[in-house]
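Undergrad: kindly return the folded structure for what I paste below:
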Amino acid sequence: MTLPNVRIARELDPGLWREFLHNNPRASIFHTPEMFEVFTRAKGHEPGLWVALDPDDCPIALFTPVKIALLGRPAGSLVSRAVAFGGVVCAGDATGRAALDLVLRAYEQTRSASVLFTELRNTAPVDCLLPTLDTHGYQHEGHLNFLIDLTQSETALWGHIRSNARRNIRKAESMGVIIDEVTDPDCFGPAYDVLRVVYKRLQVPLPDISLFVSALKVLHPAGMIRVFTARVDDQPIGALTLLIHQGVMTYWYTGTLREFSAHRPADLLVWHALKLGAASGCRVFDFGGGGRPDEEYGVRDFKAKFGGELVDLGRNTCVHAPLRLRIAVAGYELSRHFI
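TA: Numbers count the residues shown, from 1 in each chain. Next up, the predicted model:
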């Protein structure tokens, strides 16, 4: 199917942008103009926009990959990846697929040469889009997630949590773990300090603090983010960031200090988030990923305790420069030991 009157644009009116996303089943917070602004302000992130517009300049397909450096300076300017958090947004019919084809074609022609691969992290089923994605080299692989129904009562939510997690929550409360909310961007430092320690231990890069400060500045006034810390007395021992959009609460960056694991702050933070989501009218708690089906993953085991539905929405990845990617991955694996 051809769309002769459709054009590709790199900018979009925020009003039309939000209208297109409203109640679109493929849309997530990562597709919003607000999140685009967050990534624009964040160090080390460079969001891009490719949108197919009909003759009335209304969007029919949207692609918002974020370019992120794979290595530190100076190599980072030469090797990067692009992550489309949330995947692509379009209808699953013939028109939507044809518009997606145009968008991906334009992206391939104009993307930065430093992008070694582009990854789509799907937050909605893409079965009907797979032929189009495959045509453009986006190979599909399984990737699990847990979704929790927040329309049920608090009693029902509690009842679906495994007994060991319920014991951990009670233990955290009995040991005096307190949950505080962070609303001031200038006060995110203690939460970031916790995340920095956790990510260094895991040897996984943590985004610059500007990502979180920008998120609080842009998203908090719109009710699209909640940030919490767990503490014992005056000692922060855990942090949790939650993104909110169209009734979906998404588990974003989180971590707890290993030396306080006996206090079970991670379990208490999740329970606090579930109660908050249900009380504030959210429909779904998106646990933000559970790893590949064929790999053991401790994080998945942790998330499974909270009674969600296990789903496999998968990811799609297109490698643009195989040789440079292999070299960059080797460098990345080496650099992990020095983070």
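Undergrad: would you mark the buried spots in the top helix by length along the chain?
TA: Longest among the helix segments of the chain by residue count, using DSSP state H, is helix 94-110. Buried residues in helix 94-110, defined by neighbour count with 16 or more other C-beta atoms under 10 Å: 95-104, 106-107. Glycine gets a C-beta too; all of them are placed from N, C-alpha and C.
Undergrad: just those residues now: which is nearest residue 67?
TA: residue 107 (11.6 Å; C-beta to C-beta).
Undergrad: for the closest one, which non-adjacent residue is closest in space?
TA: residue 50 (5.0 Å; C-beta to C-beta, 6 or more residues apart in numbering).
Undergrad: now the buried residues of helix 94-110 in TSV, with pLDDT and distance to residue 230?
TA: Conversion of the buried residues of helix 94-110 to TSV gives the following (pLDDT from 0 to 100; distance: C-beta to C-beta, whole Å):
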residue	pLDDT	distance to residue 230
95	92	48
96	93	43
97	94	45
98	95	49
99	96	45
100	97	42
101	96	47
102	96	47
103	98	42
104	98	42
106	97	45
107	98	41
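Undergrad: which other helices and strands does the helix or strand in which residue 82 is found contact?
TA: Element membership for residue 82 (DSSP states H and E) is strand 80-86. In terms of contacts (3 or more C-beta pairs under 8 Å, 6 or more residues apart in numbering; DSSP states H and E), strand 80-86 is packed against strand 66-69, strand 115-122.
Undergrad: and that strand with strand 115-122, angle?
TA: 10 degrees (axes from the mean of the first three to the mean of the last three C-alpha atoms, to 10 degrees).
Undergrad: what lies in contact with the following helix or strand past strand 80-86?
TA: Per DSSP H and E, the first helix or strand lying C-terminal to strand 80-86 is strand 89-90. Strand 89-90 is contacted from outside by 20-21, 24, 26-27, 31, 52, 60-63, 96-97, 99-100, 103, 129, using C-beta atoms under 8 Å, 6 or more residues apart in numbering.
Undergrad: in helices, which of these appear?
TA: Short answer: the contacts of strand 89-90 in helices (DSSP H) are 20-21, 96-97, 99-100, 103.
Undergrad: nearest the geometric middle of this structure, what residue?
TA: The geometric centre of the chain, computed from its C-alpha atoms, lies nearest to residue 85 (C-alpha atoms, centre = their mean), at 5.5 Å.
Undergrad: distance of that one relative to residue 243?
TA: Distance of residue 85 to residue 243, computed by C-beta to C-beta, to the nearest Å: 10 Å.
Undergrad: repeat that for residue 163.
TA: Counting by C-beta to C-beta - residue 163 and residue 243 are separated by 29 Å.
Undergrad: looking at those two, which has the bigger crowd around it?
TA: residue 243 (24 against 8; other C-beta atoms under 10 Å).
Undergrad: list the helices and strands the helix or strand harbouring the more buried one packs on?
TA: If you go by DSSP H and E, residue 243 is part of strand 235-245. Packing partners of strand 235-245 (3+ C-beta pairs under 8 Å, 6+ apart): helix 189-202, helix 209-219, strand 225-232, strand 248-256, helix 265-279.
Undergrad: buried residues in the second one?
TA: Spelled out, that is helix 209-219. For helix 209-219, the neighbour count (16+ other C-beta under 10 Å) marks 209, 211-219 as buried.
Undergrad: next: the last one.
TA: By neighbour count, with 16+ other C-beta under 10 Å as the criterion, the buried positions of helix 265-279 are 265-274, 276-278.
Undergrad: neighbours of the closest residue to residue 226 other than its chain neighbours, how many?
TA: The shortest distance from residue 226 to any non-neighbouring residue, by C-beta to C-beta, 6+ apart, is to residue 242 (4.6 Å). The number of residues packed near residue 242 is 24, by other C-beta under 10 Å.
Undergrad: same thing with residue 308?
TA: Residue 308 has 21 nearby residues by other C-beta under 10 Å.
Undergrad: which of the helices or strands spans the closest residue to it other than its chain neighbours?
TA: Nearest residue to residue 308 in three dimensions, chain neighbours excluded: residue 146, at 3.4 Å (C-beta to C-beta, 6+ apart). Following DSSP H and E, one finds residue 146 within strand 144-149.
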